[in-house]
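S.K.: predicted model follows, preceded by the sequence.
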Amino acid sequence: MGGFIRQPINTVSNLAFVFVGIWVWMRAKNNFGRAFALLVAVIGLSSGFYHASLSFVGQNIDVMAILLVPSLVVLDNFAYETKRPLLSLTWAYILGNTILLLIIVLFPDLRRGMVGILCLALVLSEKRVQRTRNISLLGIAVGCFALAFAFWIPDRFQWVCSPTVPAWGHAVWHLLCATSAGILFLYLESERDGIRQTSP
């Protein structure tokens, strides 16, 4: 480490999120898809900032950006279930994520657990509403995310510390998570018979 960019590989690998965000934006058919695209790109930019600076502020921004995606999907499912326009619940999205931000700032040890909880909430909300989507795509997205963890864990706990082994575990985590986000969008987009909630 050192220099202007503290972790060059981990910083550059976040471009995968930006590329996925651009790809999603090009496929998006409504405001939900465009919001999803922007949030995925924001993950890349915020995580890139954190790995470039290794600052506490950057770390909080990084985690907060990650939480914005599953919370959007959970809220979209709630809007679908209650037959309300998603935009009418913007206040709930802002309030909920403001509370999450306060938690990660005041209780930083809870950050990683909150990511897991939000991802679980996403899967459970999908199961609850039972929308007509290609469930195999959700399984692939979850599997890709689980594989990403297989690279993240040894890097997080520094199990591989040999100077002859490149420290690319976290960069692979970024690449696989970005891939998972792209597959998750394909899953969300796979809804049939016009059930997907369109923009007002």
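M.R.: Received, thanks. Keep in mind the model is a prediction, meaning the values are calculated, not measured.

S.K.: top helix in this structure by residue count?
M.R.: helix 56-82 (DSSP state H).

S.K.: give the contact list for Gly48.
M.R.: Shown in contact with Gly48 (Cβ atoms under 8 Å, 6 or more residues apart in numbering): 11-12, 14-15. For glycine as for every other residue, the C-beta is placed from the backbone atoms N, C-alpha and C.

S.K.: need the buried ones from the residues you listed selected in PyMOL.
M.R.: To isolate the buried ones among these in PyMOL, judged by 16 or more other Cβ atoms under 10 Å, type:
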select buried, resi 11+14+15
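
S.K.: which intervals of the protein have sub-threshold pLDDT?
M.R.: The model of the chain has pLDDT under 70 over residues 1-3, 154-167, 192-200.

S.K.: so for it, the centremost residue is which one?
M.R.: The chain has Ile66 as the residue nearest its centroid, 4.2 Å off, counting by Cα atoms, centre = their mean.

S.K.: and Ser125, how far is that from Ala41?
M.R.: Distance, Ser125 to Ala41, by Cβ to Cβ, to the nearest Å: 23 Å.

S.K.: out of the contacts of Gly48, who's nearest Ser180?
M.R.: Asn14 (14.2 Å; Cβ to Cβ).

S.K.: dump the residue contacts of the closest one.
M.R.: Neighbours of Asn14 in contact, by Cβ under 8 Å, 6+ apart: 43-45, 47-48, 51, 174.

S.K.: Lys29: neighbour count?
M.R.: A total of 11 residues lie near Lys29 under the criterion other Cβ atoms under 10 Å.

S.K.: does it count as helix, strand or coil?
M.R.: Taking DSSP: H, G, I helix; E, B strand; the rest coil as the rule, one finds Lys29 in the coil state.

S.K.: that one and Ala37: what is the separation?
M.R.: For Lys29, the distance to Ala37 - Cβ to Cβ - is 11 Å.

S.K.: what about Phe19, neighbour count?
M.R.: Other residues close to Phe19 by other Cβ under 10 Å number 14.

S.K.: repeat that for Leu147.
M.R.: Neighbours around Leu147, by other Cβ under 10 Å: 16.

S.K.: since that was my last question, I'll sign off now.
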